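Visitor: Structure here, sequence nowhere to be found:
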Ligand code: PEP
Ligand code: MN
């Protein structure tokens, strides 16, 4: 494993923040809270891959400028999704972690472009990707030279109509850890689509030995411009962090 990843995973990697944000004040207030909690990595999307083209698409380049300002002011590392080759060329070496979303896991040209940066890449598993497809996607990145690939399990589709957005595949954690050298983090927010499930699923993933969590959090979840239903408040985030500390000493 690269030194960069060793450093990132000295402890479990906790990445938290909004799905997206609508103005500077909003992201500033979130960053302030994360800083207080000693969280080092902030997630926030400005190039949003929305299912509905009429939904808010993110602040885009303006949002990126805000994220860089936040990094300067708070020293937080920025984890953000890049969705096109042009965006990776422009921002790939400037962000701290490039997120490749579930919708783009099969976008091989995009993966290759991420592979030409030196930035850690968080590769989300696509809705219906097998482990093999997911690992081959990771290989597309590595083959271009960038070995800093982190996998993120974010729930898979099923053919039963429940109230949940996806189903968290907890099995992915032991599978990836037994069969590969990748670090695997878990996104219980997109897996469940339901705020009340995020804390129990986070705990389950931590107990199963995941290497970290990606969490959608907001000071006022209801106000979130995107994915409000699955966004947790900072009290819930505190409890998850406390649980993580507790199990470390079990
Ligand atoms: C996200 O984490 O912002 C996101 C869009 O998730 P996914 O790609 O897993 O749907
Ligand atoms: Mn989201």
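Guide: Received the coordinates, thanks. If you're wondering where the values come from, they're calculated on a predicted model, not measured in any experiment. Ligands and ions are numbered 1, 2, ... in the order given.

Visitor: Mind checking the pLDDT average for stretch 215-233?
Guide: On average, the pLDDT along stretch 215-233 is 97.

Visitor: Next one: that stretch, is it in contact with ligand 2?
Guide: Yes - counting by Cβ under 5 Å from the ion, ligand 2 is contacted by stretch 215-233 at residue 227. For the C-beta atoms, the positions are set from N, CA and C on the backbone; glycine is no exception.

Visitor: And for that stretch, what's in contact with it?
Guide: By Cβ atoms under 8 Å, 6 or more residues apart in numbering, the surrounding residues in contact with stretch 215-233 are 14-22, 26, 29-30, 33-34, 43, 45, 48, 50, 55-56, 165, 187-190, 192-195, 198-199, 202, 234, 236-237, 240.

Visitor: cool, stretch 163-171 as well?
Guide: Applying Cβ under 8 Å, 6+ apart, the contact partners of stretch 163-171 are 125, 127, 153-158, 186, 188, 190-194, 197, 201, 204-205, 208, 230.

Visitor: before we move on, back to that, can you narrow the contacts of stretch 215-233 down to the ones near ligand 1?
Guide: 19, 45, 190 (Cβ under 6 Å from any ligand atom).

Visitor: Ranking by neighbours, what's the top pick from the residues you listed?
Guide: For those, neighbours were counted using other Cβ atoms under 10 Å, and residue 45 has the most, 27 neighbours in all.

Visitor: Which residues are in contact with that one?
Guide: 18, 19, 20, 58, 80, 81, 99, 226.

Visitor: follow-up on the earlier one: can you pick out the ones from the contacts of stretch 163-171 that are in helices?
Guide: Within the contacts of stretch 163-171, residues falling in helices by DSSP state H are 188, 190, 191, 192, 197, 201, 204, 205.
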